[in-house]
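1. build me a structure from this.
(2 chains)
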Number of protein chains: 2
Amino acid sequence: MRSSAVPDIVVGRLPLYLRALTQMQAEGKEITSSQELGDQLGISSAQIRKDLSQFGEFGKQGTGYNIAYLTDQLRRILHVDRIWDVVLVGVGDLGRAVANYAGFLHRGFRVVAIYDDAAQKIGKQVGPFQILDAAKLRADIRAKGIKVAMLAVPAAEAQKVADELIAGGIRAILVYAPTSISVPDEVKIGYIDPVLHLQHMTYHIR
Amino acid sequence: MRSSAVPDIVVGRLPLYLRALTQMQAEGKEITSSQELGDQLGISSAQIRKDLSQFGEFGKQGTGYNIAYLTDQLRRILHVDRIWDVVLVGVGDLGRAVANYAGFLHRGFRVVAIYDDAAQKIGKQVGPFQILDAAKLRADIRAKGIKVAMLAVPAAEAQKVADELIAGGIRAILVYAPTSISVPDEVKIGYIDPVLHLQHMTYHIR
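-> Next up is the predicted model:
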């Protein structure tokens, strides 16, 4: 396992492979090839073989990959062979949709609490959650040992809330606010901003 | 303008630069440097200078970048010096949040119509929109000349709806469903899947 030396761009493709393999498994397939995976993902088969070879030997030349085995291995490598408790901060329209999203649990994540700082929201019910007071955020995540957070607050508040999360022990933050956040090296950060994708695509439309 | 030769990964960073510059402008700043931009984005100043130099000469050595000018140029390069009409298909929790999102218009996009195929949703009001019948999708976008779509339908329906969009003339699709879609070369596709980001981050948490 030379995982510390693996380029981050390679790591970033593993969740894509895991998603495609999980889908194949749900369709009842047992074996796949780097060619088939690549066709589905728009990635070359050579790239897929090279990426996977950084983590071990997962298939034999000519016989392809055992989907169940490779899926298990990728889950282990990505540390989603367990369920991560996640807190969500910011319960506007988007936060509400994220809180109600059914697609986290079978992929390694469970929203366990949702927070907002607006007095008129605190105590309100959203699906299975009661909105908690964001003032308690740091103490709560510290007490529960939570490491992963999603941030759906307005852009202007994102840095302040991120600082609070990090002070409470959060190590990974997925930011839905359209802004960049500064975090220490040991904290990982991911961004969801639909407009970045849209602008990337319109570049190509004449 | 050698834009056809620019690597896609470079193009993908331009919207990030534009977002950061727009934010600086809103804060009243007039001049910035590749160093300052880089610090904010976690990208090296050399990378930023190299990326921008692919599109022209935007700053003078030692004097930095004029923010208003560079912002205008990036908008022009990304083709968001205009407003793109966008259709949204799929009005569940997430589609509803996307339809109500106020952050599109000042960055080049305007949702003009929302569609669903569920009889009990068609005709219902969501913010300023009445949900339209997805059966009319192809004819509507063809008639209106719409080129950009967002897809918030379940994964199992995503390919079918994408095919319909493309048949109607759509050239760019932002997919919120957690699945990969096959599209012809001339159609651009972007994906929003929060779990891909979360799994990428948990890889790094021991």
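
2. toward the C-terminus, what is the element adjacent to the one helix or strand in chain A whose mean pLDDT sits lowest?
-> One helix or strand of chain A scores below all others by mean pLDDT, DSSP states H and E: strand A:59-60, with a mean of 74. Sequence-wise, the next helix or strand downstream of strand A:59-60 (DSSP states H and E) is strand A:64-66.

3. each with direction, which strands does that next one pair with?
-> Neighbouring strands of strand A:64-66 in its sheet, by DSSP bridges, are strand A:31-32 (antiparallel), strand A:59-60 (antiparallel).

4. tell me if I'm right that A:His197 and B:Lys188 touch.
-> No. Assessed by CB atoms under 8 Å, A:His197 is found out of contact with B:Lys188, at 9.2 Å. Quick note: C-beta positions are derived from backbone N, CA and C, even for glycine.

5. any chance you could map the helices in chain A?
-> A:8-26, A:34-41, A:45-53, A:67-77, A:93-100, A:137-144, A:155-167, A:194-202 (DSSP state H).

6. can you list these in a markdown table and add mean pLDDT and distance to A:Pro128?
-> Shown next, in a markdown table, are the helices of chain A (pLDDT from 0 to 100; distance: least, CB to CB, whole Å):
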| stretch | mean pLDDT | distance to A:Pro128 |
| --- | --- | --- |
| helix A:8-26 | 95 | 24 |
| helix A:34-41 | 92 | 34 |
| helix A:45-53 | 94 | 37 |
| helix A:67-77 | 96 | 25 |
| helix A:93-100 | 94 | 9 |
| helix A:137-144 | 98 | 17 |
| helix A:155-167 | 97 | 22 |
| helix A:194-202 | 97 | 26 |
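
7. quick one: which of these is nearest B:Ala139?
-> Proximity to B:Ala139, assessed across the helices of chain A by CB to CB, is greatest for helix A:194-202 (23.2 Å).

8. which residues sit against that closest one?
-> A:178, B:11-12, B:14-16, B:18-19, B:78-80, B:84, B:86, B:98, B:101, B:103-104, B:107-109, B:148, B:150, B:171-172, B:174, B:188-192 (CB atoms under 8 Å, 6 or more residues apart in numbering or on different chains).

9. if we go to 7 Å?
-> Contact with helix A:194-202 is made by A:178, B:11-12, B:15-16, B:18, B:78-80, B:84, B:103-104, B:107-109, B:148, B:172, B:174, B:188, B:190, B:192, as judged by CB atoms under 7 Å, 6 or more residues apart in numbering or on different chains.

10. hmm, back to that, mind putting the helices of chain A in TSV, mean neighbour count and distance to A:Pro184 included?
-> Putting the helices of chain A into TSV (neighbours: other CB atoms under 10 Å in any protein chain shown; distance: least, CB to CB, whole Å) gives the following:
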stretch	mean neighbour count	distance to A:Pro184
helix A:8-26	19	17
helix A:34-41	18	33
helix A:45-53	16	28
helix A:67-77	18	24
helix A:93-100	21	25
helix A:137-144	16	16
helix A:155-167	18	7
helix A:194-202	23	24
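
11. with distance to A:Gly123 added, can I get those helices in a markdown table?
-> Output for the helices of chain A, formatted as a markdown table (distance: least, CB to CB, whole Å):
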| stretch | distance to A:Gly123 |
| --- | --- |
| helix A:8-26 | 35 |
| helix A:34-41 | 44 |
| helix A:45-53 | 47 |
| helix A:67-77 | 37 |
| helix A:93-100 | 15 |
| helix A:137-144 | 15 |
| helix A:155-167 | 19 |
| helix A:194-202 | 31 |
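
12. how big is the angle separating the strand ranked longest in chain A from helix A:93-100?
-> Criterion DSSP state E: the longest strand present in chain A is strand A:109-116. Using axes from the mean of the first three to the mean of the last three CA atoms, to 10 degrees, the inter-axis angle of strand A:109-116 relative to helix A:93-100 is 140 degrees.

13. and strand A:109-116, what does it pack onto?
-> Strand A:109-116 sits against strand A:84-89, helix A:93-100, strand A:132-133, with contacts defined as 3 or more CB pairs under 7 Å, 6 or more residues apart in numbering or on different chains; DSSP states H and E.

14. for the longest one, C-alpha coordinates in CSV please.
-> Pointing back at helix A:93-100 there. Extracted C-alpha coordinates of helix A:93-100, given in CSV (Å, rounded to 0.1, in the frame of the first residue of the first chain):
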residue,chain,number,x,y,z
ASP,A,93,-33.7,25.2,0.6
LEU,A,94,-30.4,23.5,-0.3
GLY,A,95,-29.7,22.3,3.3
ARG,A,96,-33.2,20.9,3.5
ALA,A,97,-32.7,18.9,0.3
VAL,A,98,-29.3,17.7,1.5
ALA,A,99,-30.8,16.6,4.9
ASN,A,100,-33.5,14.7,3.1
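
15. that helix and chain B in contact?
-> Yes. For helix A:93-100, a contact with chain B is found by CB under 7 Å from any CB of the partner chain, at A:Asp93, A:Leu94, A:Arg96, A:Ala97, A:Asn100.

16. that helix versus helix B:194-202: what angle between them?
-> For helix A:93-100 against helix B:194-202, the angle by the same axes, to 10 degrees is 80 degrees.

17. what's around the nearest residue to A:Val112 once chain neighbours are set aside, how many residues?
-> Once flanking residues are discounted, A:Val112 sits nearest to A:Asp85: 4.4 Å by CB to CB, 6 or more residues apart in numbering or on different chains. When counting by other CB atoms under 10 Å in any protein chain shown, one arrives at 15 neighbours for A:Asp85.

18. how about A:Gly127?
-> 12.

19. quick check, central residue of chain A?
-> In chain A, the residue lying closest to the centroid (CA atoms, centre = their mean) is A:Leu174, at 7.2 Å.
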